[in-house]
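Q: Next come a sequence and a model predicted from it.
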Amino acid sequence: MKPYDVGLICGRFQTFHKGHEKLVDTGLMLCDRLLILVGSSQECGTERNPLNINTRTKMLKTVYGDNPNIMIYGLSDMTNENDVCPEWGRYLLDNVDRYIYKNPEVMIYGNDESRSSWFDKKDLKNTTELIINRSELPISATMLRKLMVEDKRKEWMELVNPRLHKMYDELRNELMTVEFYQKMK
């Protein structure tokens, strides 16, 4: 038996990289079940959210297969992507409740993103926050998108799980439909 029943990871995964993978692998090590919410699910084709929810979910499933211990669902933004406030935290937990009918025992995220402003402390009274130090994996999805724009396939492949290598052309093609990335090229 693992220390936690259910863990939560919430991210946009634009694109899924080894830093994200470290979060998920930690969750799988510590939790019987892991809920992954793919944020900004309603948006695609923009600078910050170029990839659609189906593509982002496909990346997770390509890496983790149909693992019965992983639940993957899209999560739309409450109002806009910058609505991080206690209301956003309650909105997030209400969506979590739809899938696991309780608060997660642990929320896992990287030290490059603070979640404390997302929640009223009383909303997390039975939830542990686990912050994974990602300084040894200084990767960002922004960095990966830049590599794709420049068509630096080899460098991109070093920063993602090998199972995603076969998706490079598909991801790059979707990215390059976005005007911002076309101009960047």
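A: Happy to help now that I have it.

Q: What ranges does the protein have for its strands?
A: Along the chain, counting by DSSP state E, strands occupy 4-11, 31-39, 70-75, 106-110, 128-132.

Q: can you put the ones you listed in JSON lines and add distance to residue 51?
A: In short, each C-beta sits where N, CA and C put it, glycine included. Shown next, in JSON lines, are the strands of the chain (distance: least, C-beta to C-beta, whole Å):
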{"stretch": "strand 4-11", "distance to residue 51": "12"}
{"stretch": "strand 31-39", "distance to residue 51": "10"}
{"stretch": "strand 70-75", "distance to residue 51": "12"}
{"stretch": "strand 106-110", "distance to residue 51": "19"}
{"stretch": "strand 128-132", "distance to residue 51": "23"}
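
Q: Give the rounded mean pLDDT of the longest helix seen in the chain.
A: Longest helix of the chain, by residue count under DSSP state H: helix 86-100. For helix 86-100, the mean pLDDT works out to 90.

Q: Need the residues that contact stretch 50-57.
A: Outside stretch 50-57, the residues within contact range by C-beta atoms under 8 Å, 6 or more residues apart in numbering are 12-16, 38, 41-42, 44-45, 72, 74, 145, 170-171, 174-175, 177-178, 180-181.

Q: Put the buried members of the residues you listed into a PyMOL selection.
A: In PyMOL, this line selects whichever of those come out buried by 16 or more other C-beta atoms under 10 Å:
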select buried, resi 12+13+14+15+16+38+41+44+72+74+145+171+174+175+178+181
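
Q: Kind regards, and thank you for your time.
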